[in-house]
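In: Dropping a prediction and its sequence here:
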Amino acid sequence: MNTRLQVEHPVTEMITGIDLVEQMIRVAHGETLGIRQEDVKLSGWAVESRVYAEDPTRNFLPSTGRLVTYRPPAEGQDGEATVRNDTGVYEGGEISIYYDPMIAKLVTHAPTREAAIRAQARALDAFAIDGIRHNIPFVSALMQHPRWIAGELSTGFIAEEFPEGFALPQP
């Protein structure tokens with residue numbers, strides 16, 4: 001048994017409607033798992049962006065300091081899509097050198113992959129974060145990248161598409 005809950009569990013939860021954390025707690029408490037594999041039905045597409053306190057223009061170096069501004073996008077329905085933001089930080093809080101610099105896991109779910117990507121791009125653009133550097137400009141650029149949209153991905157994607165590193169778009 002693997003007792004580790006993957007970071008991407010919100011994607012699984014959004015497309016199956018099953019709360020994996022609840023299921024793990026119930027099983028750990030001695031209950032029998034209440035679902036079978038054949039009970040799991042997939043619905044739509046989900047996209048997750050891991051919002052990090054890191055600077056994509058400096059090879060993703062961590063960024064520490066106070067979150068002077070932290071306003072995530074609204075959660076809930078956005079047209080045909082659903083927006084979910086799992087976070088543990090707050091405005092005025094500190095991003096420390098002692099912990100993982102994850103700010104949030106932003107997930108969108110929609111009937112199609114294209115709609116989930118469009119919703120993700122809108123939600124990323126709705127974030128307001130100041131006080132530290134973050135990877136939202138990079139992840140937002142990915143949501144508009146033709147290769148990403150087409151699903152033509154590999155582990156070499158960043159090196160292949162950004163061989164000189166990521167630079168902020170110029171206005």
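Out: Ah, there it is.
In: And the next helix or strand past the helix or strand of the chain with the lowest mean pLDDT?
Out: Least confident helix or strand of the chain, by mean pLDDT, DSSP states H and E, is helix 20-28 with a mean of 89. Past helix 20-28, further along toward the C-terminus, the next helix or strand under DSSP states H and E is strand 45-52.
In: and that following strand, how far from the chain's centre?
Out: 2 Å (Cα atoms, centre = their mean, to the nearest Å).
In: Identify the residues contacting that strand?
Out: Applying Cβ atoms under 8 Å, 6 or more residues apart in numbering, the external contacts of strand 45-52 come out as 7-8, 10-11, 14-15, 60, 101-113, 115-117, 119-120, 124, 127, 129, 134-136, 139, 143. Using the backbone N, CA and C atoms, a C-beta is placed for each residue, glycine as well.
In: Ok, stretch 113-131 next?
Out: 44-47, 49, 51, 65-74, 78-83, 85, 103, 106, 108-110, 136, 139-140, 143-144, 148-149, 151.
In: repeat for stretch 8-18
Out: Where contact means Cβ under 8 Å, 6+ apart, the residues beyond stretch 8-18 that reach it are 6, 19-21, 35, 40-48, 82, 84, 86, 105, 107, 109.
In: Kindly give a single PyMOL line that selects the buried subset of the residues you listed.
Out: Remark: buried members of those, expressed as a PyMOL selection using 16 or more other Cβ atoms under 10 Å:
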select buried, resi 44+45+46+47+48+82+84+86+105+107+109
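In: and the angle for the helix or strand in which Asn85 is found with strand 45-52?
Out: If you go by DSSP H and E, Asn85 is part of strand 81-87. Angle, strand 81-87 to strand 45-52, by axes from the mean of the first three to the mean of the last three Cα atoms, to 10 degrees: 30 degrees.
In: strands paired with strand 81-87, and their directions?
Out: Partners of strand 81-87 in the sheet, by DSSP bridges, are strand 76-78 (antiparallel), strand 102-110 (antiparallel).
In: May I see these organised as JSON lines, with mean pLDDT and distance to Gln170 added?
Out: Shown next, in JSON lines, are the strands paired with strand 81-87 (pLDDT from 0 to 100; distance: least, Cβ to Cβ, whole Å):
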{"stretch": "strand 76-78", "mean pLDDT": "93", "distance to Gln170": "28"}
{"stretch": "strand 102-110", "mean pLDDT": "96", "distance to Gln170": "25"}
